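J.: Any chance you can model this:
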Amino acid sequence: MSSSNNTSITLAILQIQSAFRYPSLILGFILLIGGVLGNILNIQVFIKVRNYKHNACSLYMFVRTFIDLYILLAGLTTRILTTGFQTDFTLINRIWCKTRLGLSNINSESTYTLICLQAIDAFMCSSPSAGVRQKSNNRIARYLVIGTLCFWCIHEIPYFIFQDLVIVGGTPICITTNTIYAQYRSYFTALCINTIIPIIVISIFGYLTVRHMKTIAVTRTLSSLTRQTISMALFQIVAVLVFNGPNATWLIYSAITTNVVKDTYRRAVEQLIASFAATYSYGPYASSFYCYCLSKRFRNQLMVSVKEVVGGIRTNQVFPNTQRSGTRT
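T.: Reported below is the predicted structural model:
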């Protein structure tokens with residue numbers, strides 16, 4: 001009787017695994033292809049227009065574009081290989097095991113910090129107070145960008161020390177060897193820094209910015225560039241809430257049920273949900289371009305930059321000279 005139950009449970013687990021595998025794989029490819037293409041177009045527009053040299057919010061967006069592109073290429077690509085094709089390089093290469101997630105965390109923590117700075121800057125730019133609006137400037141933004149990158153690089157140093165490839169029961173596993181640091185990463189880094197804190201910060205400042213923008217007197221005093229960057233930042237806030245909300249809910253559930261005794265079937269289902277949620281959480285890195293395209297001015301800038309690139313390619317083409325030269329007398 002027990003053997004038949006075990007067989008039915010195994011079959012049920014296999015069915016669920018096949019049901020989760022393909023949607024997760026399709027979602028990963030959509031985010032990867034759409035995100036890489038979108039971030040490349042973002043870079044093209046920002047470099048052509050050069051708004052990031054005159055606007056703090058544009059500078060945050062410009063720097064984030066490069067970070068998001070790295071996360072998609074290095075982080076999401078390896079996740080697709082692991083979940084869809086069962087190819088995990090962290091179980092093969094010790095250096096990749098020690099560096100892969102640490103580098104990804106530096107970039108993800110930096111991009112969420114920059115998103116929070118975007119929301120704060122949009123709040124200051126839309127403030128009725130001229131003194132508050134003056135606090136949004138490129139000089140301070142450059143210091144904050146450099147400080148953000150340096151801080152998260154220092155924050156991740158213990159990861160490169162404690163993460164290692166070990167053999168457990170003849171099976172290689174890439175794990176954090178320090179128990180206290182592993183709990184810190186699970187409960188504070190993953191749950192608070194990358195999910196709860198950014199959601200709270202962007203929700204508060206996004207709400208305050210919307211309140212400011214409803215004031216006609218404030219809207220009239222803003223330049224077209226400022227209004228554009230504020231709307232782009234607000235659209236990005238919505239995307240973060242859409243993609244990070246489910247992941248935050250799942251992480252909270254996992255933290256609450258850590259000490260709960262679970263059977264084989266429940267553990268398998270939760271593992272599949274966790275894998276799908278991890279892939280889904282790459283949405284903020286892939287969606288910035290499509291959020292920015294909701295701004296009419298950004299769409300116009302995109303069309304102009306694309307036409308100039310296409311026109312430059314056509315101009316640089318070399319055509320053979322088919323004309324015959326006349327005879328010299």
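J.: low-scoring stretches of the stretch 1-150 of the chain, by residue?
T.: 1-6, 13, 19 (pLDDT under 70).
J.: Which residues does the helix or strand in which Pro158 is found contact?
T.: Taking DSSP states H and E as the criterion, Pro158 maps to helix 157-162. Outside helix 157-162, the residues within contact range by C-beta atoms under 8 Å, 6 or more residues apart in numbering are Lys98, Thr99, Leu101, Gly102, Asn105, Thr176, Thr177, Asn178, Tyr181, Ala182, Arg185. Quick note: C-beta positions are derived from backbone N, CA and C, even for glycine.
J.: which residues touch the fourth one?
T.: Applying C-beta under 8 Å, 6+ apart to Gly102 gives the contacts Glu156, Tyr159, Phe160, Gln163.
J.: and if we set it to 6 Å?
T.: Contacts here follow C-beta atoms under 6 Å, 6 or more residues apart in numbering; on that basis Gly102 touches Glu156, Tyr159, Phe160.
J.: got it, and the fifth one?
T.: Contact analysis of Asn105 by C-beta under 6 Å, 6+ apart lists Glu156.
J.: That one belongs to a strand, doesn't it?
T.: No: with DSSP: H, G, I helix; E, B strand; the rest coil as the criterion, Asn105 is assigned helix and is not in a strand.
J.: what about it, distance to Gly283?
T.: According to C-beta to C-beta, to the nearest Å, Asn105 and Gly283 sit 17 Å apart.
J.: Check Ile180 too.
T.: 31 Å.
J.: Please, which helix or strand holds the closest residue to Tyr187 other than its chain neighbours?
T.: Leaving out its chain neighbours, the residue that sits closest to Tyr187 by C-beta to C-beta, 6 or more residues apart in numbering is Ala255, at 6.2 Å. According to DSSP H and E, Ala255 maps onto helix 224-256.
J.: What's the first helix or strand after the biggest helix by length in the chain?
T.: Secondary structure of the chain per DSSP state H: the longest helix is helix 2-49. From helix 2-49 onward toward the C-terminus, using DSSP H and E, the following helix or strand is helix 56-70.
J.: just the buried members of the contacts of Gly102?
T.: For those, a burial check counting by 16 or more other C-beta atoms under 10 Å picks out Glu156, Tyr159.
J.: Next, the angle from the helix holding Ala255 to helix 2-49.
T.: Angle, helix 224-256 to helix 2-49, by axes from the mean of the first three to the mean of the last three C-alpha atoms, to 10 degrees: 160 degrees.
J.: if we can go back for a sec, wait, which of the contacts of helix 157-162 is closest to Trp152?
T.: Asn105 (7.7 Å; C-beta to C-beta).
J.: quick revisit: settle it for me: which of Ile180 and Gly283 has more neighbours?
T.: Neighbour totals were compared for Ile180 and Gly283, and Gly283 leads with 19 against 9 (other C-beta atoms under 10 Å).
J.: From Val145, how far out is the more buried one?
T.: 23 Å.
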